[in-house]
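Undergrad: Predicted coordinates and the sequence they were generated for:
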Amino acid sequence: MELQTYLNNMMDPAGLPFYPLVFQVLLVLTFALHITMINLVLGSTFVAIWEVGKKTTYSLRLAKALGRVITVGLSIAIVLGVAPLLFVQVIYDPYWYTATTMSAFWAMLFLLVVTVAFYAAYGFYLGNRQADTDTVSVRWAWISLLMLLVAGLFIHMLTMEQLEPQMWKKWLIGQHGVVSVAGGEFHGISLGRLLHFFIGSLAVTGVFMMLYHWYFRDRADYDPGYLEYVSKTGVKLAFWSLFPAIGAGFWWLGTVPDGFHFASNPFFLAGAIMGVCTTAYIGTASEKPAEKAIFSALALFVTIFIMCCAREGLRMDYTGAHGYSIFNYRVNPDWPSTILFFATFLAGLYVLCFPAIAAFKAGKAPKGQVVSLDPSLGKTAVGVMVAWFAVVAALGLFVSLKNGVLF
Amino acid sequence: MYPFWEVPFFTSGIVIALIATFHILPCHLATGAFWFLVYVERKAVQEGRRELMEFVKRYSMLILIFCFVIGSLSGVGIWYAATVASPRGISGLIHNYVWGWATEWVFFVIEIASIYVYYYTLGKIDDKSHLMLGWLYAWAAWISMIIITGILAFMLSSGKWIETGGFFDGFFNQTYWPQLLTRTAFMFGIAGVYAIIVASRLKNRAVGHELIRTASIWGIAGMIGGALFGLWYLFSMPEHAKELGLQGGLPYLKHMLWAAGVCYAVVLAWFFLCGLVRPKLAGPVSAIFILFILFLGIGAGEGFREGVRRPYIIDQYMYSNQIIAHDLPAKGVVSEIEKYQEAGFWNSLYFRPENCDLETKSGRMQAGRLIALYQCGNCHALDRFGKMRPLPTLLQNIAPESPEDIADFMDALGDYPFMPPFAGDDKDKAAIAEYLFSIIRR
């Protein structure tokens, strides 16, 4: 059987419930959010360990603050990761499922590794929460960092395997002509690509540290010297890590097949230019990092987002080389469920404003002060949830009665 | 077919079952606990009883660390495990219910945002707003259950969907409502157990005992409701499932139901004894014991639910071995049984060695093993000392005298109410028969 036939045969026979482009856009968007969060967690773990090594009052305080960032960030990153995991299976199922089953053992181990990383992060955070400033233990942070790197390596491998479908058979069947069912394949590491991401994590954390100063600058109970220290360290970190990150990016570019002409891909070009501009802008922020924090963060996120688009373009090149296109997917539009999702999505964005505002305001108030929020804020957020429930329950009862399944 | 992943002795099904059982405890706690929490917090605010806030703080910490770490990871874990065990099964679900999962994901995001903000703003924002954060989490978490239950129920009873292909026709099916209500009731039971554990560790003993009593009332109510709705659920199951599960079609399912029932009774008794009557008895030791019992009971209950679905992974649509069972004209899908019987299963595989010759014995043995893995391996271990319905032992009971006997047995496979028909041509059959004959325990 030809590879192309296999790929096309494995597209799910049920087709897609909506147009592929919509899933693709959602895939890229949610992936960008997920990867930014992962970057922040990875970078923060690294910086926390580094700062503990400096052993100054400020650096230890920063390390502890990052402990909380790591735990909260990791759980958010995991939740955000569910969405791209879902959407990739919708439009690239032949690739995703082949790679995951071939490497099933590693896919399962990945979960264990993330679990350990998570608890180790909690160990670091809770273990140092109450301790005196001059005794911060980094044992757990090291474990967490190591596990995060390993988890990143595994997921990287699963992604890379998908890009070389012409190799699948060779990997799986091997020289003796026996098909492996052990799920132990491990192929396709691209060091440039991996480093581009690992080093990029430091830049994300650096910009986060600039935001940290910006956010807490009005709090009377925060030592301005400390905040200054955090943002200045952050801006330096961001600036100097962007150079090697870009360098690793070019290394990666060098490994992309020439036939794709990826260097002239508009998304790639835009991303590269944006990356250089962001670096230059952050370079100008070294004097007053807090003031330029918001704009730096925006610029960096836009860069990441465009790069995620470029990454998707690259995937289309790789998959297109074997005659696969998500736009050949049969579509059986299912409007009711599509509307359900988009309506929920919009409602969800609205609802999220409430916890976001609550957190933002509470964090800005000095210790001991109780912040009062507009009571209608919470009430409408909860109201939206109740309304969602009422609508869906009514719909459910209607469908159930219509189909006669209730009694 | 995608590559196959063989888990020696146990089959990949056991991996899913284990992770799934680990998932149920924290996830039902995550959905149920905040209703109790908000109830206590409201009491604290309205009656000015600040001492209750100690409980609120500790309980939410437990939910955060335990539910969010284990809950979200094991949730993703089930997904990964299902992917590597049955990629086409999960693909089939996702391609019909992607918007369902995407919608659920929106609520996950709300959950995680509201629980962290809830925990970290305790005592930092006004009482009313804080309470609203609690409500927000409680609703978001319960709604995520409302959604996932639809997809779970769909797998057992796909309802009108098989005719229309409509999202909601499959979602709101005959087992949906009873299952949702059963889970909703039991989540209060699970929340009650955890609340008692936390309350028993409070320094203020009087408050602790008061909360233990309240939590056990919630728990008992949840357990009783769960049992009633659970009975409704059993009645609502499709005939086929009732035959397998309740009328002895597959005897082990009845045993599982019994086991779940015994665990249920123990938990209920514990609520009465260590909750209502003698709150002093509710210490860490008895709590760990009861958690263990809960774990067993849930494992048995969910195992039953999964078991009665046989031979399907998606009711009426796809068999447990990932082969599409029936046409779904609404989506242009055709059954694959005939396809494989005509074109041959082995011939249709992409991942097979080109030089494997079915005319030779070694070729047939190799092909036979792979065909057996694909067609039987999701439900049977092939190893001699396999733990999960090992074929070497099961075949021994049938006592075939030659590979031809097994080939004949293959023709009758679909007559068992819990096994899919064999999907392959005569060459496939000869290969699998020869292989299976060689592994029989003698």
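TA: Ah, there it is.
Undergrad: so how far is A:Pro94 from the residue of chain A at minimum distance from chain B?
TA: In chain A, the residue that lies nearest chain B is A:Gly378 (2.8 Å; CB to the nearest CB). For the C-beta atoms, the positions are set from N, CA and C on the backbone; glycine is no exception. According to CB to CB, to the nearest Å, A:Gly378 stands 46 Å off from A:Pro94.
Undergrad: and the spatially closest residue to A:Leu211 that is not a sequence neighbour, how many neighbours?
TA: Excluding the flanking residues, the one nearest A:Leu211 by CB to CB, 6 or more residues apart in numbering or on different chains is A:Ala293, at 4.7 Å. A:Ala293: 25 surrounding residues under other CB atoms under 10 Å in any protein chain shown.
Undergrad: try A:Leu146
TA: A:Leu146: 15 neighbours (other CB under 10 Å).
Undergrad: In this model A:Val207 seems to touch the residue nearest to A:Leu211, though I could be wrong.
TA: Yes. Using CB atoms under 8 Å as the test, A:Ala293 is close enough to A:Val207 to be in contact (7.2 Å).
Undergrad: The chain - how does it break down into domains?
TA: No chain in the question, so chain A it is. A:3-333, A:335-407 (automatic domain parsing).
Undergrad: You answered for a different chain; I wanted chain B.
TA: According to automatic domain parsing, the ranges for chain B are B:11-319, B:336-440.
Undergrad: Are the shortest one and chain A in contact anywhere?
TA: Right, domain B:336-440. Yes. Residues of domain B:336-440 contacting chain A under CB under 8 Å from any CB of the partner chain: B:Ser348, B:Leu349, B:Tyr350, B:Phe351, B:Arg352, B:Pro353, B:Asn355, B:Cys356, B:Gln366, B:Leu370, B:Leu373.
Undergrad: Can I have the buried ones of the residues you listed as a PyMOL selection?
TA: Entered in PyMOL, the line below selects the buried ones among these, by 16 or more other CB atoms under 10 Å in any protein chain shown:
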select buried, chain B and resi 348+349+350+351+352+353+356+366+370+373
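Undergrad: Over to A:Lys292: give its phi and psi.
TA: With angles defined as degrees, to the nearest 10, A:Lys292 sits at phi -100, psi 10.
Undergrad: That one and A:Ser231, how far apart?
TA: On the measure of CB to CB, A:Lys292 and A:Ser231 end up 10 Å apart.
Undergrad: These two: which is more packed in?
TA: A:Ser231 (28 against 21).
Undergrad: So the more buried one belongs to a helix, correct?
TA: Yes. Applying DSSP: H, G, I helix; E, B strand; the rest coil, one finds A:Ser231 inside a helix.
Undergrad: what about the residue nearest to it when sequence neighbours are not counted, how many residues close to it?
TA: Nearest non-adjacent residue to A:Ser231, counting by CB to CB, 6+ apart: A:His213, 3.4 Å away. For A:His213, the count of nearby residues is 25 (other CB under 10 Å).
Undergrad: do B:Ile293 as well
TA: 18.
Undergrad: Sticking with it, tell me its helix or strand.
TA: helix B:284-307 (DSSP states H and E).
Undergrad: Could you tell me how far that helix lies from the centre of the chain?
TA: With CA atoms, centre = their mean, to the nearest Å as the basis, helix B:284-307 stands 13 Å off its chain's centre.
Undergrad: what's the answer for stretch A:155-163, then?
TA: 16 Å.
Undergrad: Stretch B:132-146 now?
TA: With CA atoms, centre = their mean as the basis, stretch B:132-146 stands 21 Å off its chain's centre.
Undergrad: Repeat that for stretch B:112-131.
TA: Worked out by CA atoms, centre = their mean, stretch B:112-131 lies 32 Å from the chain centre.
Undergrad: tell me which residues in it are buried?
TA: Applying 16+ other CB under 10 Å to stretch B:112-131 flags B:112-122, B:124-127, B:129-131 as buried.
Undergrad: rewinding a little: for the helix holding B:Ile293, packing partners?
TA: helix B:11-46, helix B:176-200, helix B:239-245, helix B:251-270 (3 or more CB pairs under 8 Å, 6 or more residues apart in numbering or on different chains; DSSP states H and E).
Undergrad: Which SSE is immediately downstream of it?
TA: strand B:312-314.
Undergrad: partners of that following strand in the sheet?
TA: strand B:318-319 (antiparallel) (DSSP bridges).
Undergrad: what separates the partner strand from the chain centre, distance-wise?
TA: 17 Å.
Undergrad: Check the average confidence over that strand, would you?
TA: Averaged over strand B:318-319, pLDDT sits at 96.
Undergrad: Toward the C-terminus, what is the element adjacent to it?
TA: helix B:337-343.
Undergrad: Contacts for that following helix, please.
TA: Residues outside helix B:337-343 that contact it (CB atoms under 8 Å, 6 or more residues apart in numbering or on different chains) are B:Ile323, B:Ile324, B:Ala325, B:Ser348, B:Pro421, B:Ala423, B:Gly424, B:Asp425, B:Asp428.
Undergrad: what secondary structure does B:Trp218 sit in?
TA: B:Trp218 ends up helix, using three-state DSSP.
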